[in-house]
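# quick one, structure for this:
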Amino acid sequence: MKRFLLALCLVLPLSGCKLITAAPTPGVTQFYSQAALVINDFSGILLQAQQLFATAHGTGLVSDADYAAGTQAFKSIATNGDSIYSLLKAGGDQATITAQIKALIAQVGTMPTAFHINNPAAQAQFTALTAAMQSVLDATASLI
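Coordinates of the predicted model:
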């Protein structure tokens, strides 16, 4: 029994999750490649927020005017995220990338109050998704 526990203790640390790393883009530092990998999570969360917003509109919880403005905001945020991703993949200037990330964090932060969903639970979920996007952007900035 002692040998089994010893073997188990030796195997468990080796069988855990491994650190996922991005293959570096030739000529770009590993930190930028890691940041590009992290910002991919941003687009997935943005899509979830957009789907929630569209569903809320479809069920009458978001006005047509807010939906039209929200759709434009989602397009702008997606474009800005793509721009940051492209700069990371190309090894762009650190100050430029950081400034764009900070601007995108601020832009995402305005969404919960700008586009009100007339359901407290859905609004809370939307707010949580925007906070998650901001966290991913903060993590991206900390890598560069």
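# ok, and the closest non-adjacent residue to the residue nearest the centre of the chain?
Residue closest to the average C-alpha location in the chain (Cα atoms, centre = their mean): Phe42, at 1.9 Å. Leaving aside its chain neighbours, Phe42 sits nearest to Val136 (4.5 Å; criterion: Cβ to Cβ, 6 or more residues apart in numbering). To be clear about C-beta, it is placed using only N, CA and C from the backbone, and glycine gets the same treatment.
# look up how far Asp41 lies from the one you found.
Going from Val136 to Asp41 by Cβ to Cβ, to the nearest Å gives 5 Å.
# quick one, which of the two is more surrounded?
Taking neighbours as other Cβ atoms under 10 Å, Val136 and Asp41 compare with Val136 leading, 22 against 16.
# so what's Gln48 closest to, chain neighbours aside?
Leu129 (5.7 Å).
# okay, that neighbour: pLDDT?
Confidence at Leu129, expressed as pLDDT, is 96.
# again, but for Asp66
Predicted confidence (pLDDT) for Asp66: 93.
# what helix or strand is it on?
In the assignment (DSSP states H and E), Asp66 maps to helix 64-90.
# give me the distance between the residue nearest to Phe42 and Ile117.
Separation of Val136 from Ile117 (Cβ to Cβ) stands at 22 Å.
# poorly predicted segments of this protein, please.
Flagging of the chain using pLDDT under 70 yields the residue ranges 1-30.
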